[in-house]
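K.L.:
got a predicted structure here, sequence first:
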Amino acid sequence: MIVTPEEKIIPVMAEGRFPEWPVLVTGAASGIGLACARRLATEGARVLLVGRRADALNTARNSLHGTGHDVLAVDAADEGALAPGVKAFANVVGALRGAIFCAGDHILRPLSMCKAENYEQQFHANVTTAAVAARVFVKFAARNGSSMVMLSSAAAMRGAAAATAYSAAKGALLSLSRSLAVELASQHVRVNALVAGVVKTAMSDKFLATLQPEHVEAIRKSHLLGFGEPDDVAAAACFLISSEARWITGVELVVDGGFTCH
């Protein structure tokens, strides 16, 4: 049997870091979100997988280790749909201990072709989804300590042609994370962000397919350690929500194979 990158689970360092922790993951049907859900479940968490495609979410849930997982097929930016589902999950498994916000989108379009609606769509997909999900998470978070992680991009830190809408949205996500870290510290909620390079997912494959082969190779070479796998980012996300990172909040952890260091 051929195992795809999204199906591969890298062995974890510490078994059981999340014993029966209720954890919310948005964008959980595929890519980095699915990798996060699988790693969390392997280490004992009970995961609520959020996304817009019910069939893909059910397939993802069926691939998780353990029990107590559930799915919620909604737009994470729709608080009216998200909040009741999160509340129902918390009523069954307990107050939420962690959240990883992976829902997002990516477009490649030069300024001359980028219209106002493109910026609005990218902000909605990458920032509004995280902000709304954060608001809902806090309502049902454990009062004795919880943590959330937002998934940003190296595009927020390093300029690239034709990426203005996406870069601006991912930059806003970093600002959102820092502000929430300050605002929510008194409620014992830690907030951190991951800055990811190019990771081999269906979304990045779609993006890279729009480029010439020599451009793809140039991008690959700019990542000193090559393109990443979803599990590379999932490992960092799970560290940040774990008790091992209990004194870390408001940081931007770069996980990019060396892309932004040169």
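P.N.:
Great, that's in hand.

K.L.:
point out where this protein drops to low pLDDT.
P.N.:
1-15 (pLDDT under 70).

K.L.:
50 - rerun?
P.N.:
Low-confidence segments of the chain (pLDDT under 50): 1-7, 9-14.

K.L.:
what ranges does it have for its strands?
P.N.:
Assigned by DSSP state E, the strands in the chain fall at 22-26, 46-51, 70-73, 98-101, 146-153, 189-196, 252-255.

K.L.:
who wins for proximity to K206 among these?
P.N.:
Of all the strands of the chain, strand 146-153 sits nearest to K206, with 15.1 Å by CB to CB. For the C-beta atoms, the positions are set from N, CA and C on the backbone; glycine is no exception.

K.L.:
sheet partners, orientation included, of that closest one?
P.N.:
Partner strands and pairing direction for strand 146-153 (DSSP bridges) are strand 98-101 (parallel), strand 189-196 (parallel).

K.L.:
ok, back up a step: of all the strands of the chain, which one is nearest P110?
P.N.:
strand 146-153 (18.3 Å).

K.L.:
show me what that closest one is in contact with.
P.N.:
Applying CB atoms under 8 Å, 6 or more residues apart in numbering, the contact partners of strand 146-153 are 27, 32, 95-102, 104, 130, 134, 137, 166-167, 170-171, 173-174, 176-177, 180, 188-197, 233, 237, 240-242, 245, 252.

K.L.:
that one vs strand 22-26, what angle?
P.N.:
Strand 146-153 and strand 22-26 are oriented at 20 degrees to each other (axes from the mean of the first three to the mean of the last three CA atoms, to 10 degrees).

K.L.:
could you dump the strands of the chain to TSV with mean neighbour count and distance to H124?
P.N.:
Formatted as TSV, the strands of the chain follow (neighbours: other CB atoms under 10 Å; distance: least, CB to CB, whole Å):
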stretch	mean neighbour count	distance to H124
strand 22-26	30	13
strand 46-51	28	15
strand 70-73	20	18
strand 98-101	30	14
strand 146-153	28	15
strand 189-196	26	18
strand 252-255	18	22
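
K.L.:
format the ones you listed as JSON lines; extra columns: distance to L82.
P.N.:
Output for the strands of the chain, formatted as JSON lines (distance: least, CB to CB, whole Å):
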{"stretch": "strand 22-26", "distance to L82": "9"}
{"stretch": "strand 46-51", "distance to L82": "7"}
{"stretch": "strand 70-73", "distance to L82": "7"}
{"stretch": "strand 98-101", "distance to L82": "11"}
{"stretch": "strand 146-153", "distance to L82": "14"}
{"stretch": "strand 189-196", "distance to L82": "17"}
{"stretch": "strand 252-255", "distance to L82": "25"}
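
K.L.:
quick one: buried residues of stretch 126-144?
P.N.:
The neighbour-count check on stretch 126-144 (16 or more other CB atoms under 10 Å) flags 126-134, 136-138, 140-142 as buried.

K.L.:
how long is it from one end to the other?
P.N.:
Distance across stretch 126-144, first residue to last, is 29 Å (CA to CA, to the nearest Å).

K.L.:
count of neighbours near L224?
P.N.:
If you count neighbours by other CB atoms under 10 Å, L224 ends up with 12.

K.L.:
if I read this right, it contacts G197, doesn't it?
P.N.:
No: contact status for L224 versus G197: not in contact, 9.7 Å apart, counting by CB atoms under 8 Å.

K.L.:
which residues do the two both contact?
P.N.:
With CB under 8 Å, 6+ apart as the test, L224 and G197 both reach G257, F259.
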